[in-house]
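Trainee: coords below, sequence missing:
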């Protein structure tokens with residue numbers, strides 16, 4: 001077992017899952033050895049079967065947890081976090097299956113925590129107000145950019161890309177946050193996790209990355225996710241959230 005675990009939540013990612021697993025493992029080096037956990041929400045397209053077949057090749061490095069139903073991104077990640085903590089991993093990294101997060105940037109997130117003193121490192125599309133996004137239409141880009149600025153303004157959290165899903169946590173951060181107090185299950189989950197880590201006083205560092213929209217498969221973004229993120233932040237800030 002390595003000290004770093006990549007968690008990939010999946011639902012109908014048969015077009016991407018094998019390629020992303022191979023691309024991640026290709027980034028390994030003597031100083032960066034990793035395991036992968038796929039958390040699959042009972043994908044009807046056979047995503048889990050593809051991962052199971054690859055486990056023969058990547059023995060003791062590739063793992064899969066099969067959940068019975070699709071209950072949200074946050075629930076899938078919390079399942080993975082609990083698994084990672086039980087297995088004693090020191091660094092736990094969130095990552096999408098669709099290549100929107102470049103596997104070559106994994107080492108940046110890892111080093112920010114393992115070598116540069118961060119407790120949480122965020123793969124940021126908007127660090128220093130620069131926009132590093134490829135293949136998004138203007139409407140989606142503006143929505144994402146101003147949503148992050150809105151969250152920063154409302155919460156005062158010192159992070160430019162508050163909705164980012166490419167994140168590395170030190171073990172102690174996940175041990176501190178009470179998962180049973182998490183309120184959001186969609187993309188607002190990403191905001192809430194960063195907000196709670198910040199409120200607990202952990203050091204959060206943004207690392208500039210380039211985000212590329214998926215080429216294969218279907219996006220999981222919909223109106224309810226956006227609504228949760230926008231209105232959830234108001235509730236989170238005004239009422240406060242249990243740590």
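Mentor: Received, thanks. Values in this document were obtained by computation on a predicted structure and should not be read as measured data.

Trainee: now the helices for this protein?
Mentor: 17-25, 47-54, 73-86, 106-114, 138-155, 171-176, 188-199, 223-239 (DSSP state H).

Trainee: winner for burial among the ones you listed?
Mentor: With neighbours taken as mean count of other CB atoms under 10 Å, the helices of the chain reach their highest mean count in helix 188-199, at a mean of 23. No exception for glycine: its C-beta is placed from N, CA and C like everyone else's.

Trainee: between it and helix 73-86, how many degrees?
Mentor: With axes from the mean of the first three to the mean of the last three CA atoms, to 10 degrees as the basis, helix 188-199 and helix 73-86 are set at 50 degrees to each other.

Trainee: before we move on, the earlier item: same list (the helices of the chain) but as a markdown table, adding distance to residue 95 and mean pLDDT.
Mentor: Conversion of those to a markdown table gives the following (distance: least, CB to CB, whole Å; pLDDT from 0 to 100):
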| stretch | distance to residue 95 | mean pLDDT |
| --- | --- | --- |
| helix 17-25 | 8 | 97 |
| helix 47-54 | 14 | 97 |
| helix 73-86 | 11 | 96 |
| helix 106-114 | 7 | 97 |
| helix 138-155 | 18 | 69 |
| helix 171-176 | 15 | 98 |
| helix 188-199 | 12 | 91 |
| helix 223-239 | 18 | 59 |
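
Trainee: to residue 97, which of these lies closest?
Mentor: Closest to residue 97 of the helices of the chain is helix 17-25 (CB to CB; 5.2 Å).

Trainee: what does that closest one rub up against?
Mentor: With contact meaning CB atoms under 8 Å, 6 or more residues apart in numbering, helix 17-25 is reached by 6, 8, 10, 34, 36, 38, 47, 50-51, 54, 58, 61-62, 95, 97-99, 103, 106.

Trainee: quick one: buried ones out of these?
Mentor: Burial by neighbour count, judged by 16 or more other CB atoms under 10 Å, picks out 6, 8, 10, 34, 36, 38, 47, 50-51, 54, 61-62, 95, 97-99, 103, 106 from the contacts of helix 17-25.

Trainee: for residue 169, see how far away the closest residue to residue 165 other than its chain neighbours is.
Mentor: Nearest residue to residue 165, sequence neighbours excluded (CB to CB, 6 or more residues apart in numbering): residue 190, at 5.4 Å. The spacing between residue 190 and residue 169, counted by CB to CB, to the nearest Å, is 12 Å.

Trainee: and if you look at residue 185?
Mentor: On the measure of CB to CB, residue 185 and residue 169 end up 18 Å apart.

Trainee: which one's more surrounded, those two?
Mentor: Neighbours per residue (other CB atoms under 10 Å) separate residue 185 from residue 169, with residue 169 holding more: 28 against 18.

Trainee: and residue 44, how many neighbours does it have?
Mentor: Using other CB under 10 Å, residue 44 is surrounded by 9 other residues.

Trainee: oh, that last question was meant for residue 210, not what I typed.
Mentor: Using other CB under 10 Å, residue 210 is surrounded by 14 other residues.

Trainee: check what pLDDT it gets.
Mentor: On pLDDT, residue 210 comes in at 84.

Trainee: likewise residue 160?
Mentor: Residue 160 is given a pLDDT of 86.

Trainee: next, count neighbours for it.
Mentor: Applying other CB under 10 Å, I find that residue 160 has 21 neighbouring residues.

Trainee: please report the distance of it from residue 192.
Mentor: Note on residue 160: its distance to residue 192, by CB to CB, is 17 Å.

Trainee: residue 3 now?
Mentor: For residue 3, the distance to residue 192 - CB to CB - is 26 Å.

Trainee: please apply the same query to residue 32.
Mentor: 29 Å.

Trainee: next up, the contacts around the residue nearest to residue 165.
Mentor: Residue 190 neighbours (CB under 8 Å, 6+ apart): 162, 163, 164, 165, 167.
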